[in-house]
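Asker: need the 3D shape of this:
(3 chains)
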Amino acid sequence: MTRFLEVVWAVVEKDLRLERRAKESFVLMLVFSLLVLTLFSFAFGPEGGPSGDPGAVQAGILWVAFLFASVVGLSRSMGVERESEGFTAMRLSPADPSALFLGKMASILILMAGMELAGFAALAVLYRAPVGKAAPELALVAAAATVGIAAVGTLFAAMSVRTRTREVLLPVLMFPLLVPVLIAAVRGTAAFLGGRGWAEAADWLKLLVVYDVIFVVASALVFEFIIAD
Amino acid sequence: MGYVAAAYAVTLLGIGYYWWTLWVRRSRLSRQLGQTPPREGRG
Amino acid sequence: MGLGREGESAVGIETVFQLGILTAAAVFLFFALKDEGRDRWLAVGAVAVLVFGVYAGLFIAGTDRFQGPPQRIFYVHVPAAWIAFFAFFLVFVFSVRYLVWREERDDVWAHACAEVGVLFATLVLITGPIWARPIWGVWWTWDPRLTTSLILWLIYVGYLMLRAYMTDPDQRARFAAVLGIAGFLDVPITHLSVVWWRTLHPGPVVLRSGGMSDLPPSMHIALWSCLLAFTLIFVYFVRKRTAIERLQARAEAARAGAGG
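Answerer: Numbering: from 1, shown residues only, chains lettered A, B, ... in the order given. Down below sits the predicted model:
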């Protein structure tokens, strides 16, 4: 028994002694958890409680789920590039880097669209959300939000995959910048799920569109600096 | 009033702490380079 | 000396504060004088203005009618926020410059501004709750300005982490520049979304907006002297930080040379 405990203790000692790794992990975890706490606040309203609107909670759950899922997809998409010398290929190719960026972004967009379709369906089934009634409007909000996530996500995934901490850094970089998208997506989705329609959602949709324009253009322009060696 | 004291104290301590880290980093680097800290203003 | 009407306690508290200020002044002055050349004057000047600013905030500025003594936190909280924002604007400028002209010094300056900016942003996030607590009874109210400050802090902490986790200096500079640009572009839209989000569920606002012009002169003195102090400190810290970066580059070059 003591031999067993000795081994346990030896591993703990070793891990925490590798000071740099342990310190890095600690900081990463700290920042990440703080980030998630703030994200939940944006998703579920500052007062925490649903204030009698189930649509708001459903929307919050949905978009937090989508955000985390996007990290998974983006990490893999960029991980593949790193492993297959894809970035070298992009750098050496005569193609316009912006085009390469839009291509990567579009592929993630398609993946996320499929995922979100399933997500909304699951929401309708598991949470009895009135998805069917406002399907086209919900799709519009989702599309606008997803474009923003895809743009910022692709850009930062390309960066984070080349760091020492790899994909682990991606959410830490991405999520703070996506706060406007999260807020707007949740509010817009909640508006349609709650039957309050365009009166409430219009402004949020406009915000999403402005965000998309700014960040798709900026990211496309700046992508060449990411793939350059 | 304790709150005011705390806020001002944190501010001064925060500034002082960062200043101290700059000093420590600087002296460690100068020692590594084997020389006394160079004069500022150039470079 | 300590009239009860103004909310000031008896002589004891005031003396404690004054002693505290003197101690801090002495310590800071000591280190400022250890510096050399132009930096020494900058440091001494910064310490002097800082001491005056703190004194002004605590003793010269009149007590606020609505919030009472805790309102004095305003004189360190708001200038810190302005400096932090200015710092991140500079990160943006230097990041753009770096991507356009690829000069290493722009990257060095961006990094330094980000680091000092995070220092001031941290002070904002600490003094904010300390201010909110006696006024509203809670530490955090998701007040729009403070919330935006939190997001800003997270963005630039991410910037520093990105830099820390990369080893290739050229790649690191480029990636950091991209983040420096994207992060700053995000700020206005983030603030707007947070403000809208908050209007749905209005809550306590720590800093009443539009209240700047009707401040009495005594409060202006405290506010602007603290701002000047923080500006000088910012410039001083950035200068020192960039000097350290240059020393580091030389140390690395020396190491590489010795190894080869």
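
Asker: tell me the contacts of residue 22?
Answerer: This is for chain A. Neighbour list for A:Ala22: A:Asp15, A:Leu16 [criterion: C-beta atoms under 8 Å, 6 or more residues apart in numbering or on different chains]. Every C-beta, even on glycine, is put in place using the N, C-alpha and C of the backbone.

Asker: could you do chain B instead?
Answerer: So B:Leu22 contacts C:Phe237, C:Lys240, C:Arg241, C:Ile244 (C-beta under 8 Å, 6+ apart).

Asker: so for it, what's the pLDDT?
Answerer: As predicted, B:Leu22 sits at a pLDDT of 93.

Asker: what of C:Pro202?
Answerer: Model confidence at C:Pro202, given as pLDDT, is 70.

Asker: quick one: secondary structure of it?
Answerer: Of the three states, C:Pro202 takes coil according to DSSP: H, G, I helix; E, B strand; the rest coil.

Asker: can you report how many residues neighbour it?
Answerer: When counting by other C-beta atoms under 10 Å in any protein chain shown, one arrives at 9 neighbours for C:Pro202.

Asker: so which other helices or strands are in contact with the strand or helix carrying C:Thr23?
Answerer: Using DSSP states H and E, C:Thr23 sits in helix C:11-33. In this structure, helix C:11-33 packs against helix B:2-33, helix C:37-55, with contacts taken as 3 or more C-beta pairs under 8 Å, 6 or more residues apart in numbering or on different chains; DSSP states H and E.

Asker: need the winner for burial among those helices.
Answerer: helix C:37-55 (a mean of 19; mean count of other C-beta atoms under 10 Å in any protein chain shown).

Asker: pull that one out as PDB, backbone CA atoms only.
Answerer: Backbone C-alpha positions of helix C:37-55 (Å, rounded to 0.1, in the frame of the first residue of the first chain) are rendered in PDB as follows:
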ATOM      1  CA  GLY C  37      19.700  60.200 -16.600                       C
ATOM      2  CA  ARG C  38      16.400  61.300 -18.100                       C
ATOM      3  CA  ASP C  39      14.600  58.400 -16.400                       C
ATOM      4  CA  ARG C  40      15.500  59.700 -13.000                       C
ATOM      5  CA  TRP C  41      13.800  63.000 -13.600                       C
ATOM      6  CA  LEU C  42      10.800  61.300 -15.000                       C
ATOM      7  CA  ALA C  43      10.500  59.000 -12.000                       C
ATOM      8  CA  VAL C  44      11.000  61.700  -9.500                       C
ATOM      9  CA  GLY C  45       8.400  63.900 -11.300                       C
ATOM     10  CA  ALA C  46       6.000  61.000 -11.500                       C
ATOM     11  CA  VAL C  47       6.300  60.300  -7.800                       C
ATOM     12  CA  ALA C  48       5.900  63.900  -6.900                       C
ATOM     13  CA  VAL C  49       2.700  64.300  -9.000                       C
ATOM     14  CA  LEU C  50       1.400  61.000  -7.700                       C
ATOM     15  CA  VAL C  51       1.900  62.000  -4.100                       C
ATOM     16  CA  PHE C  52       0.100  65.300  -4.800                       C
ATOM     17  CA  GLY C  53      -2.700  63.500  -6.700                       C
ATOM     18  CA  VAL C  54      -3.300  61.000  -3.900                       C
ATOM     19  CA  TYR C  55      -3.200  63.800  -1.300                       C
END
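
Asker: touching chain A at all, the next helix or strand after it?
Answerer: Sequence-wise, the next helix or strand downstream of helix C:37-55 (DSSP H and E) is helix C:74-101. Yes: legend: contact between helix C:74-101 and chain A by C-beta under 8 Å from any C-beta of the partner chain is shown at C:Leu99.

Asker: next, the buried residues of helix C:74-101.
Answerer: Within helix C:74-101, the residues scored as buried using 16 or more other C-beta atoms under 10 Å in any protein chain shown are C:74-88, C:90-99.

Asker: now the angle from it to helix C:37-55?
Answerer: 150 degrees (axes from the mean of the first three to the mean of the last three C-alpha atoms, to 10 degrees).

Asker: next, see if helix C:74-101 gets close to chain B.
Answerer: Yes: on the criterion C-beta under 8 Å from any C-beta, helix C:74-101 is in touch with chain B at C:Val76, C:His77, C:Ala80.

Asker: and that helix, what does it pack against?
Answerer: For helix C:74-101, the packing partners by 3+ C-beta pairs under 8 Å, 6+ apart come out as helix B:2-33, helix C:104-136, helix C:144-164, helix C:169-200, helix C:217-259.

Asker: just give me how far the last one sits from the chain centre.
Answerer: Using C-alpha atoms, centre = their mean, to the nearest Å, the distance from the centre of helix C:217-259 to the centre of the chain it belongs to is 12 Å.

Asker: could you give the angle of it to helix C:104-136?
Answerer: 140 degrees.

Asker: can you list the residues of chain B near chain C?
Answerer: Counting by C-beta under 8 Å from any C-beta, chain B comes close to chain C at B:1, B:3-12, B:14-16, B:18-20, B:22-23, B:25-26, B:29-30, B:32-33, B:37, B:39-41, B:43.

Asker: still on that earlier bit, close to chain B as well: tell me which of the contacts of B:Leu22 qualify.
Answerer: Within these, those near chain B by C-beta under 8 Å from any C-beta are C:Phe237, C:Lys240, C:Arg241, C:Ile244.

Asker: B:Ser27 is in contact with the last one, correct?
Answerer: Looking back up the chat, that one is C:Ile244. No: applying C-beta atoms under 8 Å as the test, C:Ile244 and B:Ser27 come out as separate, 10.3 Å apart.

Asker: do you know how far the residue in chain A that chain B sits nearest to is from A:Leu30?
Answerer: Proximity of chain A to chain B (C-beta to the nearest C-beta) peaks at A:Lys23, 15.2 Å away. A:Lys23 sits 11 Å away from A:Leu30, going by C-beta to C-beta, to the nearest Å.

Asker: in a strand, A:Pro94, correct?
Answerer: No: under three-state DSSP, A:Pro94 sits outside any strand and is assigned coil.

Asker: didn't A:Gly55 look like it was pressed against A:Ala190?
Answerer: Yes: counting by C-beta under 8 Å, A:Ala190 is a contact partner of A:Gly55 at 4.6 Å.

Asker: what about those two, which has more around it?
Answerer: A:Ala190 (28 against 21).

Asker: and that one, that's in a strand?
Answerer: No: secondary structure of A:Ala190 (three-state DSSP): helix, not part of a strand.
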